[in-house]
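Peer 1: Sequence plus predicted model, see below.
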Amino acid sequence: YLNNGTLTLEIHLRTYKQGDPTSFVPSNSFCDNMLKGFNHEEMSDVAFEVGGEVESAANRRKRAKTTATTFHAFHAILRLNAPSLADMCRPGDEAAVPINGVEPEVFKMLLYFCYGGKVSEDELEANAKAIIEAADRFEVINLKLQAEAVLTEQTEVTVDNMLDNLLYANSKNLALFQEKIMDFVAENGSKLLGNVSFDDVPSNLISDILTAFAQGKSLLVE
């Protein structure tokens, strides 16, 4: 339009942002496809019958009867992710391999993890020790480490439970959990002396405990 002989132009510009072309490219579907085969009988060549008899944690001579559950798996996947479990069977075995001492729900988590699945934080928190036991038994190392991290985070070490936790950590080779316990020993050495008996502690742990005591004393001096 004209304003006192001056031509004024109003220009409205609009830009269109092109979408990222890579957003239309699908990601690798391997993990999703693997999970489709989880506990799928037609895609499996071995089977396990889990449960029916589970050891009691309080008294290992006492066994509680549970309902057995059958799980199916592909042997090659077990060979790569749970070597000790794979050693218990051969591809094409007709009879299901009995698995005792493991609850079906825990075995299901372990098998799901072997197929690339993720065990949730809530499941790890609720079953930390049971998962550690099973993962250690069947050599599912990464799952064991995940459960150990959760157990370490959720456990409050005290004078009363320190020794039991230490012996458990040592028996299962839980380095992270054992480190937390040794830190407690270093910080609370004076409370432990006279209140905790170390008579039944394995010799390989005694040197670690003495080192922790020494570190605690040096911290007090500083």
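Peer 2: Cool, got the structure.
Peer 1: Just the element for L176, please.
Peer 2: helix 175-187 (DSSP states H and E).
Peer 1: Which elements pack onto the next helix or strand after that helix?
Peer 2: Going down the chain from helix 175-187, the next helix or strand is helix 189-192, by DSSP H and E. Secondary-structure packing of helix 189-192 (3 or more CB pairs under 8 Å, 6 or more residues apart in numbering; DSSP states H and E): helix 203-221. For the C-beta atoms, the positions are set from N, CA and C on the backbone; glycine is no exception.
Peer 1: Give the rounded mean pLDDT of the helix it packs on.
Peer 2: Mean pLDDT, computed over helix 203-221, is 73.
Peer 1: Check stretch 184-192 too.
Peer 2: The average pLDDT within stretch 184-192 is 87.
Peer 1: Only C-alpha atoms, please: export that stretch in PDB.
Peer 2: The C-alpha coordinates for stretch 184-192 follow below in PDB (Å, rounded to 0.1, in the frame of the first residue of the first chain):
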ATOM      1  CA  PHE A 184      30.800 -50.600  57.500                       C
ATOM      2  CA  VAL A 185      33.500 -52.600  59.300                       C
ATOM      3  CA  ALA A 186      36.000 -49.700  58.800                       C
ATOM      4  CA  GLU A 187      33.500 -47.100  60.100                       C
ATOM      5  CA  ASN A 188      32.200 -49.200  63.000                       C
ATOM      6  CA  GLY A 189      35.100 -51.300  64.200                       C
ATOM      7  CA  SER A 190      34.800 -50.300  67.900                       C
ATOM      8  CA  LYS A 191      31.100 -51.400  67.900                       C
ATOM      9  CA  LEU A 192      31.900 -54.800  66.400                       C
END
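Peer 1: In it, which residues are buried?
Peer 2: By 16 or more other CB atoms under 10 Å, the buried positions in stretch 184-192 come out as 184-186, 188-189, 192.
Peer 1: Please report how far the nearest residue to I181 once chain neighbours are set aside lies from E133.
Peer 2: Once flanking residues are discounted, I181 sits nearest to L166: 4.9 Å by CB to CB, 6 or more residues apart in numbering. Counting by CB to CB, to the nearest Å, the separation of L166 from E133 is 17 Å.
Peer 1: Looking at the two, which is more packed in?
Peer 2: Neighbour comparison, L166 and E133: the larger count goes to L166, with 25 against 20 (by other CB atoms under 10 Å).
Peer 1: OK, contacts around the more buried one?
Peer 2: Applying CB atoms under 8 Å, 6 or more residues apart in numbering to L166 gives the contacts 178, 181-182, 201, 205.
Peer 1: tell me which strands and helices the helix holding L176 is in contact with?
Peer 2: helix 141-154, helix 162-171, helix 203-221.
Peer 1: Make a markdown table from these and add distance to E105 to it.
Peer 2: A markdown table is the format used below for the helices and strands packed on helix 175-187 (distance: least, CB to CB, whole Å):
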| stretch | distance to E105 |
| --- | --- |
| helix 141-154 | 14 |
| helix 162-171 | 22 |
| helix 203-221 | 33 |
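Peer 1: and Q215, how many residues sit next to it?
Peer 2: There are 15 residues near Q215, going by other CB under 10 Å.
Peer 1: which ones are touching N173?
Peer 2: Going by CB under 8 Å, 6+ apart, N173 touches D136.
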